[in-house]
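Q: give me a 3D structure for the following:
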Amino acid sequence: MSLSEAVVVDIVPERERTEGDRGEPSKTSKAKGGGEHRDPGDAKERNESSTLTALQLYEEVKRGKAGDLEEEGLSGGETIESHTALEWPASKQSASHSAKEPARTKRRSAAWRSTRACRGGHAHSGHSAAWQSARACRGGHAHPANTSHSRLAGVLAQRGKTLSAGAGKNADIGSKAQGRSSAKARRTTRKAMRTRSDSARDEGVYATPIPNLPLLPPLSLLLPKLPGRPPSSSSLRLARELDVEALIAAAVGFPVDSLAEEEIEASVVPALGGAAQSNYIVVRNHIVARWRSNPSAWVTESQALESIRAEHRALVAAAYAFLLDHAYINFGLAPAVLSAPPRRAPSLPPPSVLVVGAGLAGLAAARHLLSLGFKVAVLEGRRRPGGRVFTKRMASSAAEYPDVAAAADLGGSVLTGINGNPLGVLARQLGFPLHKVRDKCPLYLPDGRPVDPVVDSRIEAAFNELLDKVCRLRQAVADELRSVDASLGDALEAFRAAYGVAASREERMLLDWHLANLEYANAALLSDLSMAFWDQDDPYEMGGDHCFIPGGNARFVRALAQDVPVFYGRTVTRVRYAGDGVLLQAGRQLFRADMALCTVPLGVLKKGRIHFSPPLPPRKQAAIQRLGFGLLNKVAILFPYDFWDGSVDTFGHLTDDPSQRGEFFLFYSYASVSGGPLLVALVAGESAIRFETTPPMDNVDKVLRVLRRIFSPKGIEIPKPLQAICTRWGTDRFAYGSYSYVAVGSSGDDYDILAESAGDGRLFFAGEATNRRYPATMHGALLSGFREAANIARAARRRATGSSVAEGTCVKDDVMDLDDLFRTPDLSFGAFTVLHDPSSPGPDSTSLLRVGIGERKLGSGSLFLYGLISRKHAEELAGADGDDRRLSMLYRNYGTKLAGRNGLGSPGESLIARIKATRSDSSKSRTANGTHNS
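A: Predicted coordinates for the structure are as follows:
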């Protein structure tokens with residue numbers, strides 16, 4: 001069908017709509033039969049009880065309140081989307097559906113926050129400039145600054161705690177150096193959901209939605225002493241407040257003592273550096289911390305001014321506007337937020353936006369755009385919201401067990417870190433209790449015997465050492481790193497064979513289990529993972545407990561979709577974008593708007609299921625093909641009763657066959673959070689691919705055989721299941737996979753390229769695969785939606801003022817790619833290129849160094865490592881004889897450590913931002929002069 005044959009549907013304000021069957025948006029607050037869903041996390045109920053017990057959950061699931069949006073029950077052999085539900089006696093109908101599992105089992109150690117040898121992180125030196133001006137900004141007097149802001153790391157280490165700066169691009173807060181490689185950052189051992197929390201919460205207890213920050217040391221350690229005069233109590237109190245506010249801002253995603261790149265792009269201060277920037281940082285941290293202390297309230301600009309001196313009103317206005325636009329404050333689902341009137345639109349009539357996809361990214365963007373005064377409609381191909389976040393209500397049809405039911409998360413299931421996590425904020429606003437995933441995870445041999453704990457510990461240590469060796473290889477710049485296309489799997493196997501690791505049968509099975517867990521963490525075969533960049537997002541992981549949401553993550557989805565105009569059953573197949581707007585085709589209907597936001601999974605883009613006209617920029621098409629989109633599947637089984645150990649949330653199973661190491665290697669118990677006796681078996685790696693070609697009944701039988709081998713020797717009889725669901729995310733036409741990973745030949749830069757807009761700010765992209773910091777996570781998807789809503793608002797403002805956005809760039813004030821910057825370096829010699837700090841020409845100023853590794857060919861296929869050195873040292877390197885001599889000088893003489901693009905820390909990110917800003921200004925000046933001359 002041609003576009004001219006379709007029906008055109010323009011976006012109109014919500015009040016002009018009437019709800020219909022096919023041509024109008026569904027109201028997701030209503031169930032299939034028109035009855036209203038009552039959320040088990042209803043705010044009124046939460047006021048009566050701060051936790052939801054398993055008994056309460058059981059009763060509500062039984063009444064159908066915690067199930068999926070549309071389907072109230074399942075018949076034997078029924079196919080849900082592409083997943084299949086089985087009952088006993090079950091039909092032989094083939095099954096389908098597969099699960100997006102962004103809640104990965106990456107167990108992070110504190111090591112990556114210490115030396116970060118593999119990441120090349122740099123500690124802050126010198127007291128925060130933001131703190132130095134804090135007294136004046138907050139109404140006091142500044143003290144001399146002679147302590148390092150890295151004292152925060154010492155604070156946390158002293159208390160035996162770590163706080164991930166998770167949401168932040170410049171995460172430098174961490175634990176004291178352990179002398180161990182940061183390769184442990186990606187350890188995925190059986191303590192899969194390691195929370196890095198040493199609180200006194202016992203196993204089986206609900207975690208608090210927002211954990212408290214660790215206590216700080218005695219206040220006398222926080223301030224430098226003035227000669228001959230001890231600091232006053234008010235000074236100490238302010239220092240404590242500033243440190244706590246800085247920690248909270250870091251957990252949310254900001255650098256501790258510098259501007260985020262987005263802030264620089266938004267021109268929140270008139271000039272970089274100086275007192276204005278330092279004061280702005282204090283103001284920004286204060287506003288963020290104030291709202292985070294009570295996210296159920298709306299913080300006004302006047303309230304933010306209460307603790308700030310009047311002369312800094314302009315800084316408060318700038319910080320408040322930025323934080324509000326980018327959904328760092330006053331976002332979510334609290335009544336105070338929902339009742340706030342929409343802000344004034346950038347232009348009249350209000351700009352219109354079509355959002356493709358009603359997953360977390362699409363819903364977050366739609367809600368935020370509505371709050372910013374835009375006209376918005378969401379087009380969703382499925383008959384439900386949520387995308388790869390899919391909670392399915394399972395229920396018994398057996399007469400002897402009529403009341404058994406449970407809510408099964410077939411897709412994203414675990415909140416991976418609560419500190420700074422926007423989903424944690426939503427849970428707090430909605431009164432959802434959080435269940436901490438307990439660390440205890442027993443492993444069982446193929447015959448059902450428990451694994452010898454001594455052997456277990458030895459192999460776990462050996463596995464971590466293998467990752468350490470790969471990390472050191474990656475860090476090395478010598479000739480042994482000959483191929484930039486090496487896979488993580490090849491490197492691990494090479495070291496395993498070279499060092500004779502896991503020689504016995506039991507040891508090899510244990511090592512295979514850890515490798516399967518690593519494949520689960522990345523939804524990819526190890527042979528497909530980039531050795532160089534597979535863990536590029538590690539420095540940004542959010543800290544705190546890993547948690548389940550009792551009743552399933554569909555509770556988030558339902559709340560986010562409430563009152564958002566969503567057209568279900570609208571599969572977008574064509575997107576035409578031009579200077580006058582966008583035109584989207586879904587079936588025989590066309591939808592027209594000013595701008596569009598595409599949030600479909602990377603798998604859909606890789607399959608080419610959407611035709612873009614004109615075609616997407618070549619660099620975006622190349623990034624789509626380079627990035628990986630992997631697979632994880634699940635088998636969810638509802639039993640009449642729970643026969644397994646209720647004190648654990650996970651247990652593992654080993655296999656003899658290395659090619660099947662990922663088959664049902666890990667079980668999750670949802671009995672404490674789903675409302676019923678539910679077990680979920682994970683299928684990763686090669687096994688996840690074979691799983692989709694195996695009849696579902698056969699897969700369920702395999703799971704039952706594994707369970708019998710584990711529990712029968714204990715005298716426990718495995719009951720006949722009441723219902724089972726096998727997922728097939730790889731063949732799901734709305735996903736074609738589970739979540740993204742960095743494939744061989746790709747890098748973290750490809751996430752940024754996927755996030756770039758196209759068509760002079762008409763077409764935007766969001767989703768977990770566009771979030772470099774938090775890919776493959778639910779919160780990563782949510783944050784990408786907020787990010788693009790802010791970018792769309794910025795583009796609309798530009799358009800309203802007559803300016804435009806260059807083709808193929810992200811709407812971030814024409815931000816240059818790092819590769820673009822290095823195309824015109826300040827110094828270039830051998831495999832080395834250097835960019836100087838444009839704001840400081842002195843010999844001791846900091847420069848950004850890039851070194852090409854491997855074949856020493858500095859083309860686009862090269863592997864690059866980065867470091868920070870002084871301008872003087874850069875010039876000395878240029879005069880050295882050959883690259884080998886330069887590398888020796890770099891390490892031995894200057895003590896510079898090279899790292900990946902994301903291992904530069906806060907100083908590196910700030911330097912890059914200054915270089916980008918200066919060159920962008922120069923480019924605009926040249927363009928303006930050229931236009932004037934013509």
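
Q: now do the helices in the stretch 351-500 of the chain.
A: 360-371, 422-430, 453-475, 488-499 (DSSP state H, counting those that start in this stretch).

Q: what is the least confident helix or strand in this protein?
A: helix 151-158 (a mean of 31; mean pLDDT, DSSP states H and E).

Q: low pLDDT regions in the protein?
A: 1-80, 84, 88-238, 477-485, 803-817, 853-863, 901-903, 921-934 (pLDDT under 70).

Q: let me see the domain layout of it.
A: For the chain, automatic domain parsing gives the domain ranges 1-36+343-389+553-626+744-813, 37-96+390-437+545-552+633-683+693-727, 118-336, 818-933.

Q: what about the closest residue to Met595 other than its chain neighbours, neighbour count?
A: In this structure, Met595 finds its nearest non-sequential neighbour in Val353, 5.0 Å apart by CB to CB, 6 or more residues apart in numbering. To be clear about C-beta, it is placed using only N, CA and C from the backbone, and glycine gets the same treatment. Residues within reach of Val353, counting by other CB atoms under 10 Å, total 28.

Q: now do the same contact list for Val353.
A: 11, 366, 369, 374-377, 593-597, 792 (CB atoms under 8 Å, 6 or more residues apart in numbering).

Q: need the max-distance pair from those residues.
A: Maximum pairwise distance among the contacts of Val353 (CB to CB): 14.7 Å, between Ala366 and Asp594.

Q: neighbour count for these two, which is higher?
A: Just comparing Ala366 and Asp594: by other CB under 10 Å the higher neighbour count belongs to Ala366, 28 against 23.

Q: need the distance between the two termini of stretch 374-388.
A: One end of stretch 374-388 sits 26 Å from the other (CA to CA, to the nearest Å).

Q: buried residues in that stretch?
A: Within stretch 374-388, the residues that count as buried by 16 or more other CB atoms under 10 Å are 374-382, 384-388.

Q: farthest pair in those residues?
A: Lys375 and Arg388 (27.2 Å).

Q: what about the strands in the stretch 251-400 of the chain?
A: 352-356, 375-380, 391-395 (DSSP state E, counting those that start in this stretch).

Q: and those strands as JSON lines, adding distance to Gly730?
A: JSON lines is the format used below for the strands of the stretch 251-400 of the chain (distance: least, CB to CB, whole Å):
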{"stretch": "strand 352-356", "distance to Gly730": "21"}
{"stretch": "strand 375-380", "distance to Gly730": "21"}
{"stretch": "strand 391-395", "distance to Gly730": "18"}
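
Q: figure out which of those is closest to Ile610.
A: strand 352-356 (7.8 Å).

Q: strand partners of the closest one, parallel vs antiparallel please.
A: Strand 352-356 has these partner strands in its sheet, going by DSSP bridges: strand 375-380 (parallel), strand 595-598 (parallel).

Q: and of those strands, who's closest to Gly759?
A: Nearest of the strands paired with strand 352-356 (CB to CB): strand 595-598, 8.9 Å.

Q: please report phi then psi for the residue lying closest to Gln660 once chain neighbours are set aside.
A: Excluding the flanking residues, the one nearest Gln660 by CB to CB, 6+ apart is Ser687, at 5.5 Å. The phi and psi values for Ser687, taken as degrees, to the nearest 10, are phi -60, psi -30.

Q: now Ser687: how far from Arg290?
A: Distance check for Ser687 against Arg290: by CB to CB, to the nearest Å, it reads 49 Å.

Q: wait, doesn't Gly882 sit right on Phe829?
A: No. Using CB atoms under 8 Å, Gly882 makes no contact with Phe829, being 9.9 Å away.

Q: neighbour count for the two, which is higher?
A: Set Gly882 next to Phe829 and count neighbours by other CB under 10 Å: Phe829 wins out with 17 against 10.

Q: contacts only, for the more buried one.
A: Neighbouring residues of Phe829 by CB under 8 Å, 6+ apart: Leu877, Ala878, Arg886.

Q: kindly supply the ChimeraX command isolating those of those that are buried.
A: Command for ChimeraX, covering only those of the contacts of Phe829 found buried under the criterion 16+ other CB under 10 Å:
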select :877,886
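
Q: I'd like the contacts of Phe829 as CSV, with secondary structure and distance to Gly569 appended.
A: Formatted as CSV, these follow (DSSP: H, G, I helix; E, B strand; the rest coil; distance: CB to CB, whole Å):
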residue, secondary structure, distance to Gly569
Leu877, helix, 61
Ala878, helix, 62
Arg886, helix, 61
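
Q: looking at the contacts of Phe829, spot the one nearest Phe665.
A: Proximity of the contacts of Phe829 to Phe665 (CB to CB) peaks at Arg886, which lies at 46.0 Å.

Q: am I right that that closest one is in contact with Leu827?
A: No. Taking contacts as CB under 8 Å, Arg886 lies outside contact range of Leu827: 11.7 Å.

Q: name the nearest residue to Ala405, sequence neighbours excluded.
A: Using CB to CB, 6+ apart, the nearest residue to Ala405 is Ala395, at 4.2 Å.

Q: what about the helices in the stretch 201-350 of the chain?
A: 233-252, 261-265, 274-293, 301-305, 313-325, 335-338.

Q: who wins for proximity to Arg505 among those?
A: The nearest among these, by CB to CB, is helix 233-252 at 44.7 Å.
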